[in-house]
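Peer 1: compute the structure for the input listed below.
(2 chains)
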2 protein chains.
Amino acid sequence: MLAVHLESGVVSLRQTPVPRRPQGYALLRMLVAGICNTDLELQRGYYGFAGTPGHEFVAEVVEADTAALVGRRVVGEINLGCANCAWCRQGWGRHCPSRRVLGIVNQPGAFQEFFVLPERNLHVLPGDLPDEWAVFAEPLAAACEILDQVEIPRHEPIAVLGDGKLGLLISMLLAAHGYPVRQFGRHEEKLRIAEREGVAVELASGPLPMAAYRWVVDATGSAEGLASAISMVRPRGTVILKSTVHGAVAVDTAPAIVQEITLVGSRCGRMEAALPLLEHGIIPVESLIAARYRLDQAPEAFAHAARRGTMKVLLATKP
Amino acid sequence: MLAVHLESGVVSLRQTPVPRRPQGYALLRMLVAGICNTDLELQRGYYGFAGTPGHEFVAEVVEADTAALVGRRVVGEINLGCANCAWCRQGWGRHCPSRRVLGIVNQPGAFQEFFVLPERNLHVLPGDLPDEWAVFAEPLAAACEILDQVEIPRHEPIAVLGDGKLGLLISMLLAAHGYPVRQFGRHEEKLRIAEREGVAVELASGPLPMAAYRWVVDATGSAEGLASAISMVRPRGTVILKSTVHGAVAVDTAPAIVQEITLVGSRCGRMEAALPLLEHGIIPVESLIAARYRLDQAPEAFAHAARRGTMKVLLATKP
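Peer 2: All right, here's what the predicted structure looks like:
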């Protein structure tokens, strides 16, 4: 079968055997997969990754212990907990200290024709949810995680910094929940996407408003984003950190302490929260798709995704 | 009258006129004052400070609009809000954007024979609370602020990093509230002080426990403290930032995001919370006093306080 291989920054294609399905796992045939910023970070050397990346996917179950799963379309939770530790037993496998992570840590990813994932990680898709919408379940779940972590009172204005894919999903999600959202970004055409969904948008060309919001989400993906977010939040306010910038960031912690700001790190979320929003078109993701490639075009797809400002690039096993 | 003057790193003594008392203010005669790390930071050039420092004090009211105050011993809230903005009107003068701060920002401090402070900032002391205990009201209020900001479930173990004055007040306070506290520090004799109050202590000579606590307080006062605290906290746990380290600190935010850690900046607190703890000897502060100096010995007192590992150095107008 065809598999994408990423090593030392190079994306290549390989012919490999179809993986063996361990007990409790499903063998999955990839239908559509999305290239995420994390995949591009892996390419840049983060985690010293070598192998098959890919963690945003829609797949068809080919084989499984549970007969009812076979033939169903699924998405999947990307963290593979040990199922035995205190975290896993509390349903927090996402934080299992010995977890593997699909396409990121010790678990071959979805950018190949077939791959495996524990059955307990799978979420069966409703029949009428298009593959190309469902593939956003993972990043939309990451956006939903914010509201699982912090309780933001109704009608509280929220500022979202950054107009990348995740920033747009976050602003549209928060607007759908009825919050007055103002999104600050650098790309007029991207901000338009959020604006159509009721988000107030502002081209961040000049100085940002200081100490203006009780709630600020940093989804810039940049090292400067955190400092901007801290300057925009009011004393005793909360900044939600959605930018995984790797390596040390120079942060002046004094303002955060003097203003008694709370910083909340936020990562993956529950797909259960994301799927209904996609199914009912509450978060329209069609406009976030920049391009579609076949799996055998993965090197070109990665190059496209890496271009500054590119929205979601999809890989598909069928044209 | 005698006043301490701090400018360009030099502590000197000056003869100055007794300050004029504006309406709504009390004229205060300093009895005892404490040298805080912030005063030493002012000496090192933080805020480009020039003037009379001092914000930890016990004083006697000499003149006031409110006759009942005259002759009373008081401590005082150090933030002088404008009293008109939205923050002040909500009782949050500590975060007033145009606030002055006693002995720190645009308001001459307590290291002089007489100084002024708004009457609304004053807290009258009970008759049997010794001056040398009451002078800890300000730093103990800063410790109390933690429990005003975050709700820590009963019986949750808490790690406190740092065994300086604030670290000890924090660990003793949390232990007094019934929490199992473990304090990590580098000075055996200081840790003993907390140990006598029911704090489990650990000389931090080797590696610190990783991902071991749901609640960690960083009171190290050092740039490395935050990184240590982040490594010690469990996924989804909370780090309370009590170290005002000035200037940019290189922080690797990725672990905080991946582990979904919450960082809470924490500064000054309510003296109402601190005073009863001092009055009833619940937090014994006697053992935190390193030395007593007369006001006219302020240069020597500052030099003493600046020696690494020195506990609280007090200044008094009477010997």
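Peer 1: can we go C-alpha only for contacts and neighbour counts from here?
Peer 2: Fine.
Peer 1: given the longest strand anywhere in chain A, what are its sheet partners and their directions?
Peer 2: Assignment by DSSP state E gives strand A:25-35 as the longest strand of chain A. With DSSP bridges as the test, strand A:25-35 is paired with strand A:56-63 (antiparallel), strand A:114-118 (antiparallel), strand A:312-316 (antiparallel).
Peer 1: quick one, helices of chain A?
Peer 2: For chain A, the helices identified by DSSP state H occupy A:37-43, A:86-89, A:131-134, A:137-149, A:165-176, A:188-195, A:223-232, A:253-258, A:271-279, A:298-306, in order along the chain.
Peer 1: which of the ones you listed sits most buried?
Peer 2: Using mean count of other C-alpha atoms under 10 Å in any protein chain shown, the stretch among the helices of chain A with the greatest mean number of neighbours is helix A:165-176 (a mean of 26).
Peer 1: show me which residues of the stretch 201-319 of chain A sit near chain B.
Peer 2: Taking C-alpha under 8 Å from any C-alpha of the partner chain as the contact definition, the stretch 201-319 of chain A meets chain B at A:235, A:241-254, A:256-267.
Peer 1: before we move on, what about the stretch 1-150 of chain A?
Peer 2: With the criterion set to C-alpha under 8 Å from any C-alpha, the stretch 1-150 of chain A comes near chain B through A:His95.
Peer 1: give the contact list for A:Ser228.
Peer 2: Contacts of A:Ser228 were listed using C-alpha atoms under 8 Å, 6 or more residues apart in numbering or on different chains, and they are A:Leu208.
Peer 1: give me the distance between the residue positioned nearest the centre of chain A and chain B.
Peer 2: If you average the C-alpha coordinates of chain A and look for the closest C-alpha using C-alpha atoms, centre = their mean, you land on A:Pro139, 2.7 Å from that point. Distance, A:Pro139 to chain B, by C-alpha to the nearest C-alpha, to the nearest Å: 14 Å.
Peer 1: ok, now which ones touch A:His5?
Peer 2: Going by C-alpha under 8 Å, 6+ apart, A:His5 touches A:Val11, A:Ser12, A:Leu13, A:Arg14, A:Ala50, A:Gly51, A:Thr52, A:Pro53.
Peer 1: possible to save those residues as TSV with neighbour count, distance to B:Gly309 and pLDDT?
Peer 2: Rendered in TSV, the data for the contacts of A:His5 read as follows (neighbours: other C-alpha atoms under 10 Å in any protein chain shown; distance: C-alpha to C-alpha, whole Å; pLDDT from 0 to 100):
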residue	neighbour count	distance to B:Gly309	pLDDT
A:Val11	19	55	97
A:Ser12	15	58	97
A:Leu13	18	61	98
A:Arg14	13	61	97
A:Ala50	20	48	94
A:Gly51	18	51	96
A:Thr52	26	53	98
A:Pro53	30	51	97
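Peer 1: nearest to B:Arg192, of those residues?
Peer 2: Proximity of the contacts of A:His5 to B:Arg192, judged by C-alpha to C-alpha, is greatest for A:Ala50, which lies at 50.5 Å.
Peer 1: any idea how many residues pack against the closest residue in space to A:Glu145 that isn't next to it in sequence?
Peer 2: Counting by C-alpha to C-alpha, 6 or more residues apart in numbering or on different chains, A:Gly269 is the residue found nearest to A:Glu145 once chain neighbours are left out, at 4.4 Å. Applying the criterion other C-alpha atoms under 10 Å in any protein chain shown, we find 23 residues in the vicinity of A:Gly269.
Peer 1: wait, A:Gly269 sits on A:Gln149?
Peer 2: No. Applying C-alpha atoms under 8 Å as the test, A:Gly269 and A:Gln149 come out as separate, 9.6 Å apart.
Peer 1: which non-adjacent residue is nearest the residue sitting furthest away from the middle of chain A?
Peer 2: Distance from the C-alpha centroid of chain A peaks at A:Val258, with 32.5 Å (C-alpha atoms, centre = their mean). On the basis of C-alpha to C-alpha, 6+ apart, the spatially nearest residue to A:Val258 that is not a chain neighbour turns out to be B:Arg267, at 5.8 Å.
Peer 1: kindly list the main-chain dihedrals of the one you found?
Peer 2: For B:Arg267, the backbone dihedrals are phi -130, psi -120 (criterion: degrees, to the nearest 10).
Peer 1: please tell me how far it sits from B:Glu151.
Peer 2: Taking C-alpha to C-alpha, to the nearest Å as the measure, B:Arg267 falls 16 Å from B:Glu151.
Peer 1: any chance of JSON lines for the helices of chain A, columns mean pLDDT?
Peer 2: Rendered in JSON lines, the data for the helices of chain A read as follows (pLDDT from 0 to 100):
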{"stretch": "helix A:37-43", "mean pLDDT": "92"}
{"stretch": "helix A:86-89", "mean pLDDT": "89"}
{"stretch": "helix A:131-134", "mean pLDDT": "97"}
{"stretch": "helix A:137-149", "mean pLDDT": "96"}
{"stretch": "helix A:165-176", "mean pLDDT": "97"}
{"stretch": "helix A:188-195", "mean pLDDT": "96"}
{"stretch": "helix A:223-232", "mean pLDDT": "90"}
{"stretch": "helix A:253-258", "mean pLDDT": "84"}
{"stretch": "helix A:271-279", "mean pLDDT": "96"}
{"stretch": "helix A:298-306", "mean pLDDT": "97"}
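Peer 1: quick one: those helices as a markdown table, columns for distance to B:Ala83 too.
Peer 2: Compiled in a markdown table, the helices of chain A are given as follows (distance: least, C-alpha to C-alpha, whole Å):
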| stretch | distance to B:Ala83 |
| --- | --- |
| helix A:37-43 | 48 |
| helix A:86-89 | 48 |
| helix A:131-134 | 53 |
| helix A:137-149 | 34 |
| helix A:165-176 | 35 |
| helix A:188-195 | 39 |
| helix A:223-232 | 23 |
| helix A:253-258 | 19 |
| helix A:271-279 | 44 |
| helix A:298-306 | 52 |
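Peer 1: what's the distance between the closest residue to A:Arg21 other than its chain neighbours and B:Ala316?
Peer 2: Distances taken as C-alpha to C-alpha, 6+ apart put A:Leu27 closest to A:Arg21, at 5.8 Å, once the chain neighbours are dropped. Remark: distance between A:Leu27 and B:Ala316 (C-alpha to C-alpha) = 77 Å.
Peer 1: any low-confidence regions in chain A?
Peer 2: A:245-249, A:319 (pLDDT under 70).
Peer 1: domains of it?
Peer 2: Per the record's domain assignment (automatic domain parsing), chain A is made up of the domains A:2-136+A:283-316, A:143-265.
Peer 1: ends of the longest one, how far apart?
Peer 2: As for domain A:2-136+A:283-316, its first-to-last residue distance stands at 12 Å under the measure C-alpha to C-alpha.
Peer 1: then the last one?
Peer 2: When the termini of domain A:143-265 are compared using C-alpha to C-alpha, they are 12 Å apart.
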